[in-house]
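> My questions concern the predicted model and sequence given below.
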Amino acid sequence: MKTRAITGFVFVLVMLAAFFFGPYLFLGFFSLLGLLCLAEFYGLIKTTGIIPQQINGLVLGGIICAAATSFWLDASFTRYFSGLIVLFGVLIFYAELYRKSNKPFPQIAFTFLGVVYTLLPFVFFMAMAFLQKTFDYHLPLGFVLLLWTNDTFAYLSGRQFGKTKLFERHSPKKTWEGFVGGIIASVIVAFVLSTYFQQVSTFHWIIVSLIISIFGTMSDLVESMLKRSINVKDSGSVLPGHGGLLDRFDGLLLAAPLVFIYLYLFSTL
C-alpha cells in the first residue's frame, strides 16, 4: 500500500508539471506516455504467440507524435513527417516478408492496431490543448480531472452500494450503482470546472463529463476484455503497486477521441 501511494503521488506530480510548464513539456510527456502504452500493448500481444513489429510500430508512433507537434507548433515540417508516416506504414507490410512466421497478417494487423488503439488517443488528447489555436492546458487538464473523478467515485459508490453487475463477463467488480455514482460526481465536478475553465460553456463541460463517464467506463471494459482474452492480470509493471500504464489510462483510450471530436464540432456553436 505504501509503495502504491508513493508511486501514485510522484506520478501525479510529474503529470501535473507537464500541464503547467508549457507546450513542449506537455507534448513531450504525453507523447512519451503514448509510446510507452504502445510498447506495453505490443508486450501483451507477444504473450499470445503473435509478434508485432514493435520497433517499426514505435517508430511510426514517434513520427505521428512529431507530425502532430510540428502541426501545432511549427507547421513548416509537417509535410515531411506526413510523408514519413506513409513510408513507414508501407514498410511495415514489406518488413513482414522478411520475418519467419506463419502469421504475417495478424502481426501486421496488431502492429497497426497498437498505434490506433494506444497511441492515437494520446494525440487526440494533446490536440485538446490547441483547440483555441494557441496552447491552453485547461481542456486536457479538465479531461483528466473528470476521468479521475469518474474512476474514483465509481469505485467508492460501487464498493458502498454496488449490487447489480455492470458487465460481469469482463469486469466482475463493476456495478451499475458505481457507474451511476461516477456519472453524478463527474457532472458535479464539470459544473465546478466550468466556473474556472471558461473556454467552453457549462453545458459543454457537462456533456464532456458524460462522454468521459460513459465511454471511459466502456474503454476500461475493453482493456479488461483484452487482458482476459490473453489471461493476464495487469498490462505491465512499470508503476509499482499500480500495474501498467494501460491499466491507469484505459479510460482515456476511447474517450479522448470522442471528447475532442465533440469539442471540435460543437464547442464553438
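In hand now; what should we look at?
> Mind jotting down where the strands sit in the stretch 51-200 of the chain?
165-167, 171-175 (DSSP state E, counting those that start in this stretch).
> Just put the ones you listed in TSV and tack on mean neighbour count.
Any C-beta I mention is one placed from the backbone N, CA and C, and that applies to glycine too. Below are the strands of the stretch 51-200 of the chain laid out as TSV (neighbours: other CB atoms under 10 Å):
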stretch	mean neighbour count
strand 165-167	17
strand 171-175	17
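> just so I know, which of those lies nearest P52?
Nearest to P52, of all the strands of the stretch 51-200 of the chain, is strand 171-175, at 25.4 Å by CB to CB.
> For the closest one, name the packing helices and strands.
Helices and strands touching strand 171-175, as assessed by 3 or more CB pairs under 8 Å, 6 or more residues apart in numbering; DSSP states H and E, comprise helix 138-161, strand 165-167, helix 202-229.
> which one of those lies closest to N102?
Of the helices and strands packed on strand 171-175, the one closest to N102 (CB to CB) turns out to be helix 202-229, at 20.6 Å.
> which one is S157 nearest to, not counting chain neighbours?
Excluding its sequence neighbours, the residue lying closest to S157 (CB to CB, 6 or more residues apart in numbering) is G181, at 2.4 Å.
> which residues does that neighbour contact?
F153, A154, L156, S157, G158, F161 (CB atoms under 8 Å, 6 or more residues apart in numbering).
> Burial check on the residue nearest to the fifth one when sequence neighbours are not counted, number of neighbours?
What sits nearest to G158 in space, not counting adjacent residues and going by CB to CB, 6+ apart, is G178, at 2.6 Å. Using other CB atoms under 10 Å, G178 is surrounded by 25 other residues.
> repeat for V10
Count around V10 with other CB under 10 Å applied: 11.
> can you tell me the helix or strand for it?
Take DSSP states H and E as the rule and V10 turns out to sit in helix 2-20.
> Which neighbouring elements make contact with the next helix or strand after that helix?
Next in sequence after helix 2-20, counting helices and strands by DSSP H and E, comes helix 23-46. Secondary-structure packing of helix 23-46 (3+ CB pairs under 8 Å, 6+ apart): helix 2-20, helix 54-73, helix 104-114, helix 120-127, helix 245-266.
> what are the C-alpha coordinates of helix 23-46, in PDB please?
Extracted in PDB, the C-alpha atoms of helix 23-46 (Å, rounded to 0.1, in the frame of the first residue of the first chain):
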ATOM      1  CA  PRO A  23       3.600  23.200 -24.600                       C
ATOM      2  CA  TYR A  24       7.000  21.500 -25.200                       C
ATOM      3  CA  LEU A  25       7.000  19.600 -21.900                       C
ATOM      4  CA  PHE A  26       3.200  18.900 -22.300                       C
ATOM      5  CA  LEU A  27       3.700  17.400 -25.800                       C
ATOM      6  CA  GLY A  28       6.900  15.600 -24.900                       C
ATOM      7  CA  PHE A  29       5.500  14.000 -21.800                       C
ATOM      8  CA  PHE A  30       2.200  12.800 -23.300                       C
ATOM      9  CA  SER A  31       3.900  11.600 -26.500                       C
ATOM     10  CA  LEU A  32       6.300   9.500 -24.300                       C
ATOM     11  CA  LEU A  33       3.300   8.200 -22.300                       C
ATOM     12  CA  GLY A  34       1.500   7.200 -25.500                       C
ATOM     13  CA  LEU A  35       4.700   5.400 -26.800                       C
ATOM     14  CA  LEU A  36       5.100   3.600 -23.500                       C
ATOM     15  CA  CYS A  37       1.500   2.400 -23.700                       C
ATOM     16  CA  LEU A  38       2.100   1.300 -27.300                       C
ATOM     17  CA  ALA A  39       5.200  -0.700 -26.200                       C
ATOM     18  CA  GLU A  40       3.100  -2.200 -23.300                       C
ATOM     19  CA  PHE A  41       0.400  -3.300 -25.800                       C
ATOM     20  CA  TYR A  42       3.000  -5.000 -28.000                       C
ATOM     21  CA  GLY A  43       4.300  -6.800 -25.000                       C
ATOM     22  CA  LEU A  44       0.800  -8.100 -24.100                       C
ATOM     23  CA  ILE A  45       0.300  -9.300 -27.700                       C
ATOM     24  CA  LYS A  46       3.600 -11.200 -27.700                       C
END
